[in-house]
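Undergrad: for reference, the sequence and a predicted model appear below.
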Amino acid sequence: MAARPTAVRTAGRVLLYVVLLAAAAGIMLPFAWMIISSLKMNNQVFTAPVQWVPDPFRWQNYADIWLKADMVTWLKNTTILSVTVTLLQVLTGSFAAYGFAKMRFPGRDALFLVYLGTIAVPWQSYMIPQFQMISGWGLNNTLLSIVLLQAFGAFGVFLMKQYYESIPDSLCEAARIDGLSEYAIWWRIMVPLSVPAIASLTLITFVNTWNDYLGPLIYLRDRELWTIQLGLKSFIGQYNAEHALIMTGSVLSVLPIALIFLAGQRYFVEGIATTGVKG
Amino acid sequence: MATPVVDQPAAVLPGSALARPRRPGTRLTARNALIGWTFILPNFVGFAVLTLVPVLTLFYLSFTSSNIFGTASWVGLDNYQRLLTDKGFHTALGNTFYYAAVHIPLTIVVSLGLALLLNQKIRGVAFFRTVAFFPYITSIVAIAVVWNMLFSPEYGPINQLLGLFTDGALPGWTVSKDWVMPAVIIVGTWRDMGFYMLLFLAGLQTVPAELHEAARIDGASTWQRFWNVTLPCLRPTMFLVTVMITIASFKVFDLILVMTDGGPGRASLVLSHYIYTKGFVQFEFGYASSVAVVLFGICILVTVVQFVYNKRKEA
C-alpha cells in the first residue's frame, strides 16, 4: 500500500475529530440545556440570546422540587418496580435460556420460534386485551400489574441463550458425568460463568422499567402508586410555566439512570451487541 | 450435541419407579424433556399468559362491540367497515407512514455513519460511543419536555440558531401542523441512533480486514470499498437493523404522546396513539382492537417481506 503524505493524514485525522466533537456537542446539547436551565431563575430560561451560564446559580430549585412534587413516593415506587422486575426477568430468563441452549428435547425449537415470533408484535397492538385480562384479575391500579407486564419478556431469554451458546457444551457434559443434576449445572456452572451477560440483562431491564411510561400510564391511577415518569408528566401539566423547576425534575429523573449507565456501560454495549450480531 | 447417555444411579431419577420398562434411551429422552420443560416453564407461563393469550384474544375482540360496560356482542366485520370511513384512523395511518418513511432511512444513514466514524483506531472512541448512546437510555418524559423547550418557536435555542442564518419565517415546530412531524422525527432519530449504531459497530467487527486490504491493493477507493466490501458484509446486520427500526417506527407512540399529544389538532396523531385514545380514553375496546389488528398486520407484513427479501439475497 502506498504511504500517503503525512500532512494529508494528519489533516484527515483533525477533520475526523472536528466532525466527532461537533456531533457529540450536538447530541449532548439537550442535556446541557436541561442542566443549565435547572439552575436558573424561572424567568431566565427563555432569553434571547440564550444565556449559557446561569447567573446566579439557583441551587434552591433542587430543594424546592421535593416540596412541590411528591418525588419521594415516585422514586420509591419506581425503585420497587425496577428491582422486582429485574430480579424476575434475570431469574426466569436465564433459567429458560439454559433449557433452550443446553438441553435437547422434543418441541424445544418450535417453542423458541414462538418466542422469536413475538419480536415482530408490538405491545401497543395487544395492550387492550392484556389490560382487560389483568383488570379481570382485579390487578388494575396495583404495582403488581406493572411487574406482570415487564417481568416475562422474551428479551432476557434471547440474551442469556445467546451467551450460554458461547459456553462449550463439553463443560456441561463433564459436569453430568460427575453426577451433577441439570439444575446444579445451571446454578453452579452456568450462572457463575455468565456474570457479564447477567450484568447486561440486569442493567438493560432496570433502565427499561425505570423509563417505562406507557405501562404505568394505563395501569396506575392512584397518586400513591405513580412512578417517576408519571409523576414528572403530571408535574409538567400542573406547573407548566415553571420551566426551571420542570428541568430540575427532569434532571433528577435522569440522574439515577445516567449514573447506572456510566458505571456499567460496558455491559450495556456488550449486551446489545451480542443479541444483535447473530440476529 | 447428543443426548447425554450417562447411566445415573436409579435413586436420582425422579419418577423412574413409575416408568414402564422401555428402552433406556426413550426413558432418558422423556426425562430430559421433563427437565427441559421445568427450565422453560417459569418464564414461559408468564410469557404465554401475558403475551400470547392477549395477542390471540385481540382478533376475537376486534369482531365485538366490547366497551367499558363489559357488554360485548359479536358484530362481525362492523368495526373493520367503520375503519374504511373513519377520518381519524386515516389521519393516524397517514402520519404513521410519514414517520416511518422518513425515520427509517434517516436513522439507518445516521447510525451507520456514526458507526463507520467510530470504527477507526482513534483515541476517545469509548467516549463518543457513550455520548451517542446516552439519549437512548434517558426517559421519554424528560427528553420530550427538553426538546419541546428547545423547539419553542419564539425563544427556543433552535430557532435562535436558525435565525442567525435566515431572515425568513422560522419553523413553528411542535405548534405548527406542517413542522410537528419533522420535529418528532428529529427527536426520534436523535434518541434511537445510538442503539442502532451499536448494532452496526458489532456488525462491522465481522467484516474481514483482508477483504479491505485486497480491495485497497486492487486500487479501490474508500467509497468503492464501502459499497463493495463493507455493505455486502454488513447485510445480516442491515437486515436485523431494518426490521427493528421498521417495527419501532410503526409502533411509535410514547415519544409523540408526551411531546405533542398528537397535536396540533391531529397533525401528529399516529396509529398506536389512536388505539390508546379509542381504547383507554373513549373505552371502545372492540373498535380500538380492530385498529390494533391493522398495526399488528403492518408489522408482521413488513417483517415477512424483509425476511423473504433477505433470504432471496442470501441464496
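TA: Ah, there it is.

Undergrad: find the centremost residue of chain A, please.
TA: Centroid-nearest residue in chain A: A:V207, 2.4 Å away (criterion: C-alpha atoms, centre = their mean).

Undergrad: let me know the secondary structure of it.
TA: helix (DSSP: H, G, I helix; E, B strand; the rest coil).

Undergrad: so what's it up against?
TA: By C-beta atoms under 8 Å, 6 or more residues apart in numbering or on different chains, the contact set of A:V207 is A:I257, A:I260, A:F261, B:I137. Quick note: C-beta positions are derived from backbone N, CA and C, even for glycine.

Undergrad: now do the contacts for the first one.
TA: Counting by C-beta under 8 Å, 6+ apart, A:I257 makes contact with A:V207, A:W210, A:N211, B:I137, B:T138, B:S139.

Undergrad: phi and psi next, for the closest residue to the third one other than its chain neighbours.
TA: Pointing back at A:N211 there. Counting by C-beta to C-beta, 6 or more residues apart in numbering or on different chains, A:N211 lies nearest to B:S139, which is 4.2 Å off, once chain neighbours are set aside. With angles defined as degrees, to the nearest 10, B:S139 sits at phi -70, psi 150.

Undergrad: quick one: the helices in the stretch 51-200 of chain A?
TA: Along the stretch 51-200 of chain A, counting by DSSP state H, counting those that start in this stretch, helices occupy A:61-68, A:71-102, A:108-117, A:123-136, A:143-151, A:154-165, A:169-177, A:182-185, A:191-193, A:195-211.

Undergrad: next, format these as JSON lines and append mean pLDDT.
TA: Below are those laid out as JSON lines (pLDDT from 0 to 100):
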{"stretch": "helix A:61-68", "mean pLDDT": "83"}
{"stretch": "helix A:71-102", "mean pLDDT": "92"}
{"stretch": "helix A:108-117", "mean pLDDT": "87"}
{"stretch": "helix A:123-136", "mean pLDDT": "91"}
{"stretch": "helix A:143-151", "mean pLDDT": "91"}
{"stretch": "helix A:154-165", "mean pLDDT": "88"}
{"stretch": "helix A:169-177", "mean pLDDT": "89"}
{"stretch": "helix A:182-185", "mean pLDDT": "90"}
{"stretch": "helix A:191-193", "mean pLDDT": "91"}
{"stretch": "helix A:195-211", "mean pLDDT": "89"}
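
Undergrad: distance to B:S65 added to those helices, as TSV?
TA: Shown next, in TSV, are these (distance: least, C-beta to C-beta, whole Å):
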stretch	distance to B:S65
helix A:61-68	44
helix A:71-102	34
helix A:108-117	29
helix A:123-136	14
helix A:143-151	25
helix A:154-165	32
helix A:169-177	54
helix A:182-185	49
helix A:191-193	50
helix A:195-211	35
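
Undergrad: right, and those - which one's nearest B:T206?
TA: Counting by C-beta to C-beta, B:T206 lies closest to helix A:154-165 out of the helices of the stretch 51-200 of chain A; the figure is 14.9 Å.

Undergrad: show residues contacting that closest one.
TA: In contact with helix A:154-165 (C-beta under 8 Å, 6+ apart) are residues A:89-90, A:92-94, A:96-98, A:100-102, A:112, A:115-116, A:118-119, A:190, A:194, A:196-198, A:200-201, A:204-205, A:271, A:274-275, A:278, B:43, B:47, B:51.

Undergrad: what's the answer for stretch A:81-98, then?
TA: Residues contacting stretch A:81-98 (C-beta under 8 Å, 6+ apart): A:143, A:146-147, A:150-153, A:155-157, A:159-161, A:163-164, A:182, A:185-186, A:190-191, A:194, A:197-198, A:201-202, A:205-206, A:209-210, A:227, B:39-40, B:42-44, B:46.

Undergrad: buried ones in it?
TA: A:81-82, A:84-86, A:88-90, A:92-98 (16 or more other C-beta atoms under 10 Å in any protein chain shown).

Undergrad: centre of the chain to it, how far?
TA: 14 Å (C-alpha atoms, centre = their mean, to the nearest Å).

Undergrad: among the contacts of stretch A:81-98, name the buried ones.
TA: A:143, A:146-147, A:150-153, A:155-157, A:159-161, A:163-164, A:182, A:185-186, A:190-191, A:194, A:197-198, A:201-202, A:205-206, A:209-210, A:227, B:39-40, B:42-44, B:46.
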